[in-house]
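[1] how would this look folded up:
(one chain, ligands or ions: 1)
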Amino acid sequence: MFQKARIKLTAFYLAIIMLISLSFSAVIYQGSVMELNRIEQMQRFRRPSPTPMVPGIEPDILEETRGRIIFALSLINLIILGVSGTAGYFLAGRTLRPISQMLDDQKKFVSDASHELRTPLTSIKTEIEVALRDNNLNLSDAKELLQSNIDEVNKMQKLTNHLLELNRFQNGNGNLNFSKVNLKTVVEKAIKEVKKLADAKKINITKNLQNSTVNGNEESLIRLAIILLDNAIKYSSQGKEIVVKTGKITTAGFMEFKDSGIGIKKEDLPHIFERFYRADTSRCKGKTDGYGLGLSIADRIAKLNSGLIKVKSKPTKGSVFTVRI
Ligand code: ADP
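    Presented below is the predicted three-dimensional model:
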């Protein structure tokens, strides 16, 4: 498809360039012929002898000059055709590459999302089919089955919520209202949301919070802080500590989330903000739930708030995520 579009675009560029070039050539030719005719007439007028144009220009030479002009203009047009064809093909490739990349990304995204949705659906279907074939299914088995089904439905709900959120923050400014926001308040509200999760793993969240007012959207920044705190808890073992800081560096406000969890390998670091990317799947998948969408959402939120997220991490030592707004 890319190749077809590239050739079409090249032909389009070429058609425009050749139209201009041929129009110019026609004008030049017309002008030159008119000039030659004028010279011819002038010479006839000056020497009305049976041997005209001697020692003026011979009529053969005038004819030959016309032929030469046609030849030169055709050659120039051929060269323009060749050069602009090559340049047009190259430019068409450059113009179309980002679009083709976007389409590839979109395809990958749809295929990843469908795959993630298909897994729990298959699991629910298989469990129900097995249960239906079981003649000795009792109430307790049925309840167990329903519980397992509910767990899978919850996973799907979480995934669709993430997809909707990604879509919301992906498009334009996500209809966000911006105002003065204190990052200290943002983090305090986010900590409240993840408190239960942290308590369940006996993880202590140490706060070192200073007032830091920025221009942003509070709701989305709280969501960003929740994602980073949620990950810090998820990728830390029982009893570890998370340290959260807020403050100002020159004019920028910052939030920092430091954990001493499993950390991230150097080769995974450039990819963790990609959609559906989960570092070292053997370490994560099946052990910690998630779809690899949290950091993509966090990254979009940071950008919408004119900010950026930086990460430093060492395997087994822990990670530090810093958000600057
Ligand atoms: P997930 O739902 O898998 O947590 P994210 O997009 O939030 O998706 O994170 C992408 C990947 O980055 C995770 O799968 C994990 O491997 C890695 N990661 C993110 N935060 C941390 C962290 N605090 N400690 C270790 N690894 C992390």
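
[2] When you work out contacts or count neighbours from here on, use the C-alpha atoms and nothing else.
    Will do.

[3] any idea how far Gly239 is from Val194?
    15 Å (CA to CA, to the nearest Å).

[4] same question, Leu75
    Look at Leu75 and Gly239: by CA to CA, they are 81 Å apart.

[5] now swap in Thr213 and tell me
    For Thr213, the distance to Gly239 - CA to CA - is 32 Å.

[6] and if you look at Lys202?
    Separation of Lys202 from Gly239 (CA to CA): 5 Å.

[7] pLDDT (mean, whole number) over stretch 297-306?
    Stretch 297-306 shows a mean pLDDT of 94.

[8] Likewise for stretch 222-233?
    Here the average pLDDT along stretch 222-233 is 96.

[9] got it, and stretch 94-111?
    On average, stretch 94-111 scores 89.

[10] Need the residues that contact that stretch.
    With contacts defined as CA atoms under 8 Å, 6 or more residues apart in numbering, stretch 94-111 is touched by Phe2, Ala5, Arg6, Arg275, Phe276.

[11] buried set for that stretch?
    Leu96 (16 or more other CA atoms under 10 Å).

[12] Now for the nearest residue to His162 once chain neighbours are set aside, how many residues are close by?
    Leaving aside its chain neighbours, His162 sits nearest to Leu293 (6.8 Å; criterion: CA to CA, 6 or more residues apart in numbering). Counted with other CA atoms under 10 Å, the neighbours of Leu293 add up to 21.

[13] wait, Leu293 sits on Ala279?
    No. The criterion here is CA atoms under 8 Å, and Leu293 misses it with Ala279 at 11.9 Å.

[14] between the two, what contacts are shared?
    Going by CA under 8 Å, 6+ apart, no residue sits against Leu293 while also sitting against Ala279.

[15] Just give me how far the strand or helix carrying Ile76 sits from the chain centre.
    Using DSSP states H and E, Ile76 maps to helix 59-133. Centroid separation for helix 59-133 versus its chain: 18 Å, with CA atoms, centre = their mean, to the nearest Å.
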